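Trainee: predicted coordinates and the sequence they were generated for:
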Amino acid sequence: MAETRPSLEDLPKTGSDQHLASNVAAGHLALVPTWLPLDVASGQSHNSAGSGGDGISEGVISSNALAVFTPSNAAIAGPHSGADAFQGNDALINQHPTEMAGIGGNGGSGNVAIGGDGANHAGSGGNGLFYGGLVSTEVALFAPVNTAVAAGPGAEAHADQSNNALFLQGATQIGGMGGSGGDHNVASHGTSMSPGTALTLTGDFYAGHGGDGYFVGSMVDVSIAIFSPINIAIGAAGGSAQAHQTNNVIFDQGTVQIAGIGGNGGGFNLSSDTIYTGNHAGGGGGDGSSTGSMVDVNFGYFHPINIAVPAGGTADAQQTDHVLYDQQALQLAGIAGQGGDGNLTDAHSALVDDILSFMHS
């Protein structure tokens, strides 16, 4: 008679659980690393490595600039006399202010924040917060005067004037800008945690994350440019007057206003490698938020005057003007930062899903 022998599965096993369901569970849980926490943590710690500091500004930043350029050139000749006047002027008037407030610092690169179950930040950009106003006003006046007067018979007057002027008036205003995240950073719980300390990590893990930018208030830039050249030639009886004037002027009133811009995320960052419920970001771009107004007002006034008065004599007035007004404005507000490349977050999400689905089955 054939002997019935127990199969390997029916034989008792030394040091093993005799419940089949538990064996199955143990077989699945063998996939779980030995450091998987099993209860609730008692407290949280916070770590930061190489992260940029926050920039906070409250109040009003104001800039007021005034420039006046009024060169005068005159040639006046009496009877039977002559007069010559020559004048050349070159002016560079720089009224371009730069106003920056509430700028978060950039995060560093190659940092590691490990340990604890609280918030771990590595190489993250700082937040930028601005509350208040950025105000800039620029006023420029350019009024050259050229005059030739021949007063009487036989008088000759000759006045030449050449003017070159460049006015730089536009403002650069930046408020509430988050710092950019760094590269090659790691934010993790670390390997020092012992079993049975916590089932889930609830802290925030940020690696190379761009800082948020918040702007609440107003940006105002007012630019006023006035160009009024005057050229006059007066020839009395028997006299001859010549007045020649050449003007080359550039008014650059371009304005740049930037508010509430999130920092860009870094590249090749790792955020957490275990189970957690907090926020996690690897190389993510920061949020951008702007509440308020951005105002740019540019006023350009061009009024040339050229007069020839032949009062019984001859008068010749010539005026040549070249003017360029650049009043462009660039206004950016509430723009989120771009995410980085090659970043990794929640490395064991597939494993976690498998474990949790089994535990609920």
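Mentor: Sure, I can see it. Numbering: from 1, shown residues only.

Trainee: assign a three-state SS to Phe299, would you?
Mentor: Three-state call for Phe299 (DSSP: H, G, I helix; E, B strand; the rest coil): strand.

Trainee: let's have the chain start at 20 instead
Mentor: Let's use 20 as the start, then, which means that last one is Phe318.

Trainee: so it bridges to which residues?
Mentor: Taking DSSP bridges, one finds Ile243 as the beta-bridge partners of Phe318.

Trainee: give me the neighbour count for it.
Mentor: Phe318 is flanked by 12 other residues according to other C-beta atoms under 10 Å. In short, each C-beta sits where N, CA and C put it, glycine included.

Trainee: where in the stretch 170-319 of the chain is pLDDT low?
Mentor: For the stretch 170-319 of the chain, the stretches with pLDDT under 70 are 207-226, 287-303.

Trainee: try 80
Mentor: For the stretch 170-319 of the chain, the stretches flagged by pLDDT under 80 are 201, 203-229, 284-305.

Trainee: in it, which spans are strands?
Mentor: Assigned by DSSP state E, counting those that start in this stretch, the stretch 170-319 of the chain shows strands spanning 175-187, 191-196, 205-207, 224-226, 232-246, 249-254, 259-271, 274-280, 289-290, 299-301, 307-321.

Trainee: test my guess that Gln346 contacts Val241.
Mentor: No: at 11.7 Å, Gln346 does not count as touching Val241 under the criterion of C-beta atoms under 8 Å.

Trainee: what's the overlap in contacts for these two?
Mentor: Common contacts of Gln346 and Val241 (C-beta atoms under 8 Å, 6 or more residues apart in numbering): Asn317.

Trainee: for the stretch 70-219 of the chain, just list every one of the helices.
Mentor: In the stretch 70-219 of the chain, no helices are found when defined by DSSP state H, counting those that start in this stretch.

Trainee: okay, now the nearest residue to Thr310 once chain neighbours are set aside: neighbour count?
Mentor: The shortest distance from Thr310 to any non-neighbouring residue, by C-beta to C-beta, 6 or more residues apart in numbering, is to Val235 (4.8 Å). Each residue near Val235 was counted by other C-beta under 10 Å, and the total is 18.

Trainee: so Val235 bridges to which residues?
Mentor: When bridges are taken as DSSP bridges, the partners of Val235 come out as Tyr150, Thr310.

Trainee: one more: Val168?
Mentor: Beta bridges link Val168 to Ile95, Ile253, judged by DSSP bridges.

Trainee: what about stretch 324-343, how long is it end to end?
Mentor: Using C-alpha to C-alpha, to the nearest Å, one end of stretch 324-343 lies 18 Å from the other.

Trainee: let me fix that: stretch 114-133
Mentor: End-to-end span of stretch 114-133 (C-alpha to C-alpha): 49 Å.

Trainee: list the buried residues in that stretch.
Mentor: For stretch 114-133, a neighbour-count test (16 or more other C-beta atoms under 10 Å) marks 114-116, 118-128, 130-132 as buried.

Trainee: so Val235 touches Ser312, yeah?
Mentor: No: Val235 is beyond contact range of Ser312, at 10.8 Å (criterion: C-beta under 8 Å).

Trainee: ok, the closest residue to Gly129 other than its chain neighbours to Ser143 distance?
Mentor: Using C-beta to C-beta, 6+ apart and skipping the chain neighbours, the partner closest in space to Gly129 is His203 (5.0 Å). In this view, His203 and Ser143 are 13 Å apart by C-beta to C-beta, to the nearest Å.
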